[in-house]
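J.: Just need the structure, nothing else, for what follows:
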Amino acid sequence: MDLLLTHGYFLYEDPKELQIMKPYPPLGLLYICSHLRNKGFAVDVFDSTFQSRAALREKLTTTPPSVLGIYANLMTRPNIVSIIQEAKQAGWRIIVGGPEPGAYVDEYLDAGADLVVLGEGEITLEELLGAWREDKNAPLDGIDGIAFRSNGIVVRTAPRAQIADLDAQPWPAREAIDMDRYVETWRTHHGKGSVSIITARGCPYRCEWCSHQVFGQTHRRRRPELVAEELAWLIERYKPDALWIADDVFTINHDWLARWAAELKLRNIHIPFECISRADRLNEVTIRTLAELGCQRLWIGSESGSQRILDSMQRGVSVQKVRQSIALCKENGIETGMFLMWGYEDEQMTDIEETIEHVRLSQPDIFLTTVSYPIKGTPYYKKVASKVIQIKPWGQTSDREFEVAGRKPREFYRVADELLRYEVELARLQTKTAGREANSGDPENEVVSRMHTLSELVEDRRRTLYAYPEAERELQCN
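T.: Presented below is the predicted three-dimensional model:
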């Protein structure tokens, strides 16, 4: 075996995901696997999603060691560091890549990695494995897109050119893992099996909090007929009931979407799907096309209901456009999901109130909130880098486990979350009961009672938020 690929995410160690149970396969690793196999390399994938640490440890200690390639992101860092140490002891040469390592080259090399891949991995790994096949000590400075240590000094080679022709790339090597288990896990827990697909790489937008470490600030897309062909194969092979389109922004190119719609119609494909978009890349025609194709839920990046905060993020969208897009989706029978972010730099109570009002008026079917976290290498990180307080040593924590000096405590945002959810539920019930009068003994009385309770909860949570003092945390040194 020339290369073993893994990613270090263990589903059964993730309490939140165990409640949700909506896993998808690691398509990025599977793309690398198929590319390298097509080039004649022997590549295996240890998909840790449904496996245990003990099973991975056994694989590393019982397999003749060669090269181990590990995909790392900001949430799996502690797992990856542990895997590196165990693999090193077992004699493996270790490569790490993905959206996290490029920003922490020194740290990953210090943890025991031999090499860090910067950017897309297919061509880089092809050249690396080819060089090592000829000479295990081959010089590496002529291979683009890597970082390594030479005589104690970190060497970064020239940036790797991005793959221009995605149509020439083989489909992900789904056969390298137990894909059926993913589909059946969905079916067992949700009554439907789901698969995923990628139609493009990269995002051309400049949101300050977003990382472009792997695919860059570009947008490269496969031809619509080839995507339709892959989808037809997925449906034939795995018999899914639903589809997740894993693009950063699916509706960037309206002409591409129209052509893809024609290809699906030609193949008589109609499958419920979810995707992500931006409000500024949605209009009546686009949303109607999505509905006709079977779009069941459209996730719209909203982040904040404060235009001031959106502009600070370089988001490039307006609050009003988000509301209009959600309304159009409702008119066309598409559920909407909204992503929201608390605690962005310089967020004030007026911004929080505007966000709550935004969601209350928009009334998406679902909304997800998070407390903003600065990813190293992004413009947002540069803004707050001097204020970031690491709670634990680097290798023992993810990038989401930190404090930012001057920011409200996490408990504040938990209360903000509760206020938001109570406000939205109250608004929904008010809409539902508008124009009705509940009589004594009427089932409507339960709704009225709930509305009364919600009004009290809203008042209590708002009072609690306004009672919080300004955060006063001094910068601390670990």
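J.: Please give the element, helix or strand, for L129.
T.: L129 belongs to helix 122-134 when elements are defined using DSSP states H and E.
J.: taking the mean pLDDT, what do you get for that helix?
T.: Per-residue pLDDT over helix 122-134 has a mean of 97.
J.: From the chain's centroid, how far away is that helix?
T.: The chain centroid and the centroid of helix 122-134 are separated by 29 Å under C-alpha atoms, centre = their mean, to the nearest Å.
J.: Pull the residues that contact it.
T.: With contacts defined as C-beta atoms under 8 Å, 6 or more residues apart in numbering, helix 122-134 is touched by 2-3, 31-32, 35-36, 39, 41, 67, 69, 93, 95, 115, 117, 138, 140, 143-146, 160, 163, 169. For glycine as for every other residue, the C-beta is placed from the backbone atoms N, C-alpha and C.
J.: From S82, how far off is the closest residue to C295 other than its chain neighbours?
T.: For C295, ignoring the flanking residues on the chain, the nearest one in space by C-beta to C-beta, 6 or more residues apart in numbering is I334 at 5.3 Å. When C-beta to C-beta, to the nearest Å is the yardstick, I334 and S82 sit 42 Å from each other.
J.: Can you pick out the residue with more neighbours from these two?
T.: Set side by side, I334 and S82 show more neighbours around I334, with 20 against 17, by other C-beta atoms under 10 Å.
J.: For that one, grab phi and psi.
T.: phi -100, psi 130 (degrees, to the nearest 10).
J.: same question, the one 3 residues further on
T.: G337 has phi and psi values of phi -120, psi 150 when expressed as degrees, to the nearest 10.
J.: Next one, pLDDT for it please.
T.: At G337, the pLDDT recorded in the model is 98.
J.: wait, isn't it in contact with V359?
T.: No. In terms of C-beta atoms under 8 Å, G337 does not count as a neighbour of V359; the distance is 11.6 Å.
J.: Between these two, which has more neighbouring residues?
T.: Neighbours were counted for G337 and for V359 using other C-beta under 10 Å; V359 has more, 23 against 19.
J.: host element of the more buried one?
T.: Counting by DSSP H and E, the element that carries V359 is helix 349-362.
J.: After that helix, which helix or strand is next? Please name it.
T.: Using DSSP H and E, the next helix or strand after helix 349-362 towards the C-terminus is strand 366-371.
J.: residue ranges of the helices in the stretch 1-150 of the chain, please?
T.: 15-20, 27-38, 53-62, 77-89, 105-110, 122-134 (DSSP state H, counting those that start in this stretch).
J.: And the stretch 151-300 of the chain, by the same measure?
T.: Counting by DSSP H, counting those that start in this stretch, one finds helices in the stretch 151-300 of the chain at the ranges 179-190, 224-238, 254-266, 284-293.
J.: The last one: how far from the chain's middle?
T.: Per C-alpha atoms, centre = their mean, the displacement of helix 284-293 from the mean C-alpha position of its chain is 24 Å.
J.: Equivalent analysis for stretch 74-84, please.
T.: Mean C-alpha position of stretch 74-84 versus that of the full chain (C-alpha atoms, centre = their mean) differs by 17 Å.
J.: Then stretch 259-268?
T.: Averaged over its C-alpha atoms, stretch 259-268 has a centre that lies 28 Å from its chain's centre (C-alpha atoms, centre = their mean).
J.: mind giving me the domain ranges of the protein?
T.: If the domains of the chain are taken from automatic domain parsing, they occupy 3-156, 408-478, with pieces of a single domain joined by a plus sign.
J.: Looking at the helices of the stretch 1-150 of the chain, which is nearest to E284?
T.: Each of those has some distance to E284 by C-beta to C-beta; the shortest is helix 27-38, at 31.6 Å.
J.: Counting neighbours, show which residues of stretch 199-218 come out buried.
T.: Judged by neighbour count using 16 or more other C-beta atoms under 10 Å, the buried positions of stretch 199-218 are 199-203, 205, 207-216.
J.: Select, from those, the two members most distant in space.
T.: Within the buried residues of stretch 199-218, two members stand farthest from each other by C-beta to C-beta: T199 and E208, at 25.6 Å.
J.: I'd say A164 and R222 touch.
T.: No. With contact defined as C-beta under 8 Å, A164 does not reach R222; the gap is 11.9 Å.
J.: mind listing what the residue nearest to I287 when sequence neighbours are not counted touches?
T.: Closest residue to I287 in three dimensions, ignoring its sequence neighbours and counting by C-beta to C-beta, 6+ apart: L328, at 4.8 Å. Shown in contact with L328 (C-beta under 8 Å, 6+ apart): 282-284, 287.
J.: ditto for R281
T.: Under the criterion of C-beta under 8 Å, 6+ apart, the contact partners of R281 comprise 249, 251-252, 254.
J.: quick one on the thing from earlier: of the helices of the stretch 151-300 of the chain, which is nearest V447?
T.: Nearest to V447, of the helices of the stretch 151-300 of the chain and by C-beta to C-beta, is helix 179-190 at 28.4 Å.
J.: List the buried residues of the closest one.
T.: Neighbour-count burial for helix 179-190, counted by 16+ other C-beta under 10 Å, picks out 179, 182-183, 185-187.
J.: Check stretch 410-429 too.
T.: Along stretch 410-429, these residues count as buried under the neighbour rule (16+ other C-beta under 10 Å): 412-413, 415-427.
J.: can I get the helices of the stretch 151-300 of the chain in CSV with mean pLDDT and distance to Y108?
T.: Written out in CSV, the entries for the helices of the stretch 151-300 of the chain read as follows (pLDDT from 0 to 100; distance: least, C-beta to C-beta, whole Å):
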stretch, mean pLDDT, distance to Y108
helix 179-190, 98, 28
helix 224-238, 98, 33
helix 254-266, 98, 36
helix 284-293, 98, 40
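J.: Touching, I309 and W342? I think so.
T.: No. At 10.1 Å, I309 and W342 do not qualify as touching, with contact defined as C-beta under 8 Å.
J.: rewinding a little: of the contacts of L328, buried ones?
T.: Buried residues within the contacts of L328, defined by neighbour count using 16+ other C-beta under 10 Å: 282-283, 287.
J.: Tell me which of the domains of the chain lies nearest to E401.
T.: Go through those one by one with C-beta to C-beta and the one that ends up closest to E401 is domain 3-156, at 9.5 Å.
J.: now that closest one: how far from the chain's centre is it?
T.: Relative to its parent chain, domain 3-156 has a centroid offset of 19 Å by C-alpha atoms, centre = their mean.
J.: for stretch 412-420, same thing?
T.: The chain centroid and the centroid of stretch 412-420 are separated by 23 Å, computed with C-alpha atoms, centre = their mean.
J.: and what of stretch 368-381?
T.: Averaged over its C-alpha atoms, stretch 368-381 has a centre that lies 12 Å from its chain's centre (C-alpha atoms, centre = their mean).
J.: Residue numbering should commence at 21 henceforth.
T.: Got it, first residue is 21 now, which makes that one stretch 388-401.
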